[in-house]
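# My questions concern the predicted model and sequence given below.
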Amino acid sequence: MRLQAGGPVHGGYTIARVDGRVILVEGAAPGETVEVEIDESEKLWKGIVTEVIEPSPDRVPHVWDTAGGAELGYLRRSAQLAWKTAVLEDAIGHLGGPLQGHLKDAGLNVRVREVGPGLGTRTRLDVDVDEEGRLAMHARGSDALVAIDHMPLAAPAINDILGSQDDWAGTWRPGDRVRLVAPTGQGPVVSVGKDVYKAPGRKIGARVVERAAGYSWEVTATGFWQTHEKAPVTLLDAVLKGVRLRKSDRVAEFYGGSGLFTLPLTDQARAVRMWEGTAASVRDAERNAPKAEITRASITPSLLASGSEGADVVIADPSRAGLGIKGATALAQSNAQAIALVSCDPAAMARDVRAMIENGRSVMSLAAFDLFPHTIHMEVVTILS
Ligand SMILES: C[S@@+](CC[C@H](N)C(=O)[O-])C[C@H]1O[C@@H](n2cnc3c(N)ncnc32)[C@H](O)[C@@H]1O
């Protein structure tokens with residue numbers, strides 16, 4: 001089918017309307033005329049671009065179409081930022097209830113900001129090992145593995161390893177999952193299962209050193225850490241400045257991971273209590289922020305309510321699903337003067353912030369960052385009073 005792609009929507013699609021039917025189109029730039037192959041297997045039809053008939057001026061040679069992981073890599077960076085801003089505005093308009101009017105009244109502009117260059121910034125790369133023992137990634141939308149010897153989104157140190165795989169012979173076997181890590185505070189490492197190597201045949205401990213904003217953390221190489229090299233400093237700055245932390249503040253932090261925020265918080269506030277669910281991250285956080293009171297727990301709305309009792313400042317950085325309406329309501333109803341919500345999904349953010357506004361909170365600022373260049377993802381930091 002030939003059609004004209006409209007504006008971008010959540011999930012990496014542009015939307016098209018043909019004979020009254022809505023079609024989600026993958027691989028088109030807004031405004032382009034394209035030929036698509038239609039998948040009618042679901043109620044909402046999806047189209048994948050097979051040919052571009054009238055290319056957009058924003059279309060560029062794809063930065064990485066060897067395998068998945070760069071869904072927007074066919075657009076120039078400015079167009080990627082415009083795309084993400086449109087998706088964020090759309091989520092706010094459709095799911096945010098009073099949030100849109102709130103932002104307008106406060107004169108707050110919604111805009112996804114560029115953070116550094118688009119290539120060479122990813123400090124973690126998870127790959128598979130193919131039948132020949134080569135490091136490989138899944139081809140887009142397929143189970144097939146494609147051997148790779150470079151990945152332009154990854155940091156140069158990761159590309160050095162990808163390009164010198166012969167030196168690593170025997171370190172990994174077909175079927176293994178391998179993670180390549182380029183920490184900001186030490187040389188690169190390779191993890192295979194629980195084993196971590198700093199060079200072929202040279203095993204080291206499980207943790208790597210990360211540095212940002214004058215702090216350093218030791219984090220389990222296979223555990224969670226923000227992947228963009230500038231993410232720690234960007235998010236720390238947005239969260240700590242946003243909540244206007246005072247030395248006398250008591251802070252409750254939820255979904256604290258390995259202590260990215262916890263460590264600076266213990267340095268800059270009176271008392272910090274932190275909750276996190278993953279055992280390895282809790283152990284990392286206990287080492288990184290020994291002054292904080294850290295609890296391993298599965299976070300629920302009732303924990304968000306009880307944990308935020310008595311806190312002056314609350315910080316929450318949940319995974320993609322967000323806080324949920326009950327969780328967001330629990331935080332909104334606390335006595336905290338400031339709440340920082342870090343969201344990696346714009347739809348979850350709009351729903352959570354809406355629940356907070358409906359429970360009496362006001363948005364002080366909303367900052368969105370492109371910490372996942374060439375992909376459809378973004379990070380949004382919302383500060384509420
Ligand atoms: C987006 S990460 C943020 C971690 C940390 N703030 C950082 O930036 O490094 C989310 C964290 O929440 C934890 N998590 C997700 N769902 C959870 C739950 N229901 N209970 C407890 N922890 C959870 C994950 O283990 C992960 O460490």
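It's in.

# Just give me the neighbour total for residue 97.
17 (other C-beta atoms under 10 Å). For every residue, glycine as well, the C-beta is placed using N, CA and C.

# Roughly how far does the closest residue to residue 193 other than its chain neighbours sit from the ligand?
Among residues not flanking residue 193 along the chain, residue 176 sits closest, at 7.0 Å (C-beta to C-beta, 6 or more residues apart in numbering). Distance, residue 176 to the ligand, by C-beta to the nearest ligand atom, to the nearest Å: 23 Å.

# repeat for residue 41
Going from residue 41 to the ligand by C-beta to the nearest ligand atom gives 32 Å.

# So what does that residue look like in phi/psi?
Backbone torsions for residue 41, taken as degrees, to the nearest 10, come to phi -70, psi -20.

# For the stretch 51-200 of the chain, just list every one of the strands.
Using DSSP state E, counting those that start in this stretch, the strands of the stretch 51-200 of the chain run over residues 112-114, 124-129, 135-138, 145-147, 177-181, 189-192, 195-199.

# got JSON lines for those, with distance to residue 67, mean pLDDT and mean neighbour count too?
Formatted as JSON lines, the strands of the stretch 51-200 of the chain follow (distance: least, C-beta to C-beta, whole Å; pLDDT from 0 to 100; neighbours: other C-beta atoms under 10 Å):
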{"stretch": "strand 112-114", "distance to residue 67": "24", "mean pLDDT": "97", "mean neighbour count": "18"}
{"stretch": "strand 124-129", "distance to residue 67": "9", "mean pLDDT": "97", "mean neighbour count": "20"}
{"stretch": "strand 135-138", "distance to residue 67": "4", "mean pLDDT": "96", "mean neighbour count": "20"}
{"stretch": "strand 145-147", "distance to residue 67": "5", "mean pLDDT": "95", "mean neighbour count": "18"}
{"stretch": "strand 177-181", "distance to residue 67": "14", "mean pLDDT": "98", "mean neighbour count": "20"}
{"stretch": "strand 189-192", "distance to residue 67": "19", "mean pLDDT": "98", "mean neighbour count": "21"}
{"stretch": "strand 195-199", "distance to residue 67": "23", "mean pLDDT": "96", "mean neighbour count": "17"}
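
# Please tabulate the ones you listed in TSV, including the columns distance to residue 102.
Output for those, formatted as TSV (distance: least, C-beta to C-beta, whole Å):
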stretch	distance to residue 102
strand 112-114	19
strand 124-129	36
strand 135-138	41
strand 145-147	46
strand 177-181	40
strand 189-192	44
strand 195-199	46
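
# circling back: I'd assumed residue 127 was in contact with the residue nearest to residue 193.
No - Residue 176 is beyond contact range of residue 127, at 9.3 Å (criterion: C-beta atoms under 8 Å).

# re earlier: count of neighbours near the residue nearest to residue 193?
Using other C-beta under 10 Å, residue 176 has 14 neighbouring residues.

# circling back to that earlier point, out of the strands of the stretch 51-200 of the chain, which gets nearest to residue 246?
strand 112-114 (26.7 Å; C-beta to C-beta).

# what's the residue most central in space within the chain in contact with, if anything?
What sits nearest the mean C-alpha location of the chain, by C-alpha atoms, centre = their mean, is residue 344, with 4.9 Å. Contacts for residue 344 (C-beta atoms under 8 Å, 6 or more residues apart in numbering) come out as 319, 320, 377, 378, 379, 380.

# how does it look with 7 Å?
320, 377, 379 (C-beta atoms under 7 Å, 6 or more residues apart in numbering).

# likewise residue 87?
If you count contacts by C-beta under 7 Å, 6+ apart, residue 87 has them with 8, 9, 10, 346.

# Correct me if wrong: residue 357 contacts residue 101.
No - with contact defined as C-beta atoms under 7 Å, residue 357 and residue 101 do not form a contacting pair (9.7 Å).

# neighbour-wise, which of those two wins?
Higher neighbour count among residue 357 and residue 101: residue 357, with 20 against 11, using other C-beta under 10 Å.

# The host helix or strand of that one and the ligand in contact?
Here residue 357, judged by DSSP states H and E, is contained in helix 346-358. No - using C-beta under 6 Å from any ligand atom, helix 346-358 stays clear of the ligand, with a minimum separation of 11.4 Å.

# Could you give me the buried positions within that helix?
Burial within helix 346-358, assessed by neighbour count using 16 or more other C-beta atoms under 10 Å, is assigned to 346, 347, 348, 349, 350, 351, 352, 353, 354, 355, 356, 357.

# who does it touch, helix- and strand-wise?
helix 77-95, helix 99-105, helix 324-332, strand 338-343, strand 379-384 (3 or more C-beta pairs under 7 Å, 6 or more residues apart in numbering; DSSP states H and E).

# Next, format these as TSV and append distance to residue 142 and mean pLDDT.
Below are the helices and strands packed on helix 346-358 laid out as TSV (distance: least, C-beta to C-beta, whole Å; pLDDT from 0 to 100):
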stretch	distance to residue 142	mean pLDDT
helix 77-95	24	97
helix 99-105	38	94
helix 324-332	33	98
strand 338-343	30	98
strand 379-384	28	98
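
# looking at the ones you listed, which is closest to residue 156?
Of all the helices and strands packed on helix 346-358, helix 77-95 comes closest under C-beta to C-beta, at 19.1 Å.

# CA atoms of the closest one as PDB?
Only the C-alpha atoms of helix 77-95 are listed here, as PDB (Å, rounded to 0.1, in the frame of the first residue of the first chain):
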ATOM      1  CA  ARG A  77      19.400  14.200  15.000                       C
ATOM      2  CA  SER A  78      17.300  17.400  15.000                       C
ATOM      3  CA  ALA A  79      14.400  15.400  13.600                       C
ATOM      4  CA  GLN A  80      14.800  12.700  16.200                       C
ATOM      5  CA  LEU A  81      14.500  15.300  18.900                       C
ATOM      6  CA  ALA A  82      11.400  16.800  17.200                       C
ATOM      7  CA  TRP A  83      10.000  13.300  17.000                       C
ATOM      8  CA  LYS A  84      10.500  12.600  20.700                       C
ATOM      9  CA  THR A  85       9.200  16.000  21.700                       C
ATOM     10  CA  ALA A  86       6.000  15.300  19.600                       C
ATOM     11  CA  VAL A  87       5.600  11.900  21.400                       C
ATOM     12  CA  LEU A  88       6.000  13.600  24.800                       C
ATOM     13  CA  GLU A  89       3.500  16.300  23.900                       C
ATOM     14  CA  ASP A  90       1.100  13.700  22.700                       C
ATOM     15  CA  ALA A  91       1.400  11.700  25.900                       C
ATOM     16  CA  ILE A  92       0.900  14.800  28.000                       C
ATOM     17  CA  GLY A  93      -2.100  15.800  25.900                       C
ATOM     18  CA  HIS A  94      -3.800  12.400  25.900                       C
ATOM     19  CA  LEU A  95      -2.900  11.000  29.300                       C
END
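
# Great, nothing more from me.
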